[in-house]
Structure formats: C-alpha cells, structure tokens
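Participant: please find the sequence and the predicted model below.
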Amino acid sequence: MHIVQILLPLADNLGQPFPESLLGDVREELVSRFGGLTAYGRAPALGVWAHEGARQKDDIVVVEVMVGNLDEVWWRSFRVRLEKLLAQEEVVVRAFEITTF
C-alpha cells in the first residue's frame with residue numbers, strides 16, 4: 001500500500017487564485033480513479049524555496065490518495081498534466097510505502 005501526496009498550488013505564478021472549478025476537477029479525477037482522497041486544506045501550507053538567488057513561495061494544499069498498486073507511469077503523466085494545467089515548472093507528487101492495520 002502507498003500514500004501518494006500532491007503538493008497542489010492554490011494560485012498561479014502571479015498570485016491569482018485558481019478557480020475552484022479547476023481544482024475541483026483535479027479532485028474529481030482522483031476520486032473517480034481511486035475512490036477517495038484526503039485534502040489538507042483547512043489552512044494553506046506555505047512552501048518556500050530558493051530559485052535563482054531569490055526566495056519564492058506558494059500557498060498549497062496537500063492532497064493524499066491511498067493506492068494498492070503504485071502505477072508510476074500514470075502518476076508521472078498526471079504530474080506533467082498538472083504542470084501544464086497550472087502553468088507550473090514543477091508540481092511535487094511523492095509516494096510513501098505504508099503498512100495499514
């Protein structure tokens with residue numbers, strides 16, 4: 001079993017919030033494919049990183065999906081689609097192997 005986390009930005013590179021319908025479509029695709037998700041969105045998380053000598057930041061929501069079979073090809077394709085859809089250089093999608101009881 002794996003948990004896949006998506007660090008989903010809430011705004012574009014100019015700081016304009018994405019329409020709720022856009023993020024809703026992403027959530028719906030994940031729910032339809034995997035049967036559910038958890039979104040930690042009560043208060044946006046703040047991502048900060050250095051890029052070309054300057055500090056950058058994003059408000060993000062962490063979306064988690066539990067999967068039995070980790071289809072890495074599908075997840076890479078999904079990440080690339082998100083990057084194009086949200087006009088981002090990189091969207092972090094990461095997976096952790098877990099044990100459930």
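Facilitator: Yep, it's here.

Participant: in what helix or strand does residue 60 lie?
Facilitator: With elements delineated by DSSP states H and E, residue 60 resides in strand 54-67, which encompasses its position.

Participant: again with residue 81
Facilitator: Under the criterion DSSP H and E, the helix or strand holding residue 81 is helix 72-85.

Participant: quick one: that helix to chain centroid distance?
Facilitator: Average the C-alpha atoms of helix 72-85, do the same for its chain, and the two points are 10 Å apart (Cα atoms, centre = their mean, to the nearest Å).

Participant: who does it touch, helix- and strand-wise?
Facilitator: For helix 72-85, the elements it packs on are strand 2-9, helix 20-34, strand 92-97, judged by 3 or more Cβ pairs under 8 Å, 6 or more residues apart in numbering; DSSP states H and E. Bear in mind the C-beta positions are built from the backbone N, C-alpha and C, glycine included.

Participant: who does the last one pair up with?
Facilitator: Using DSSP bridges, the strands paired with strand 92-97 are strand 2-9 (antiparallel).

Participant: pull out the buried positions in the partner strand.
Facilitator: By neighbour count, with 16 or more other Cβ atoms under 10 Å as the criterion, the buried positions of strand 2-9 are 3, 4, 5, 6, 7, 8, 9.

Participant: brilliant, that's me finished.
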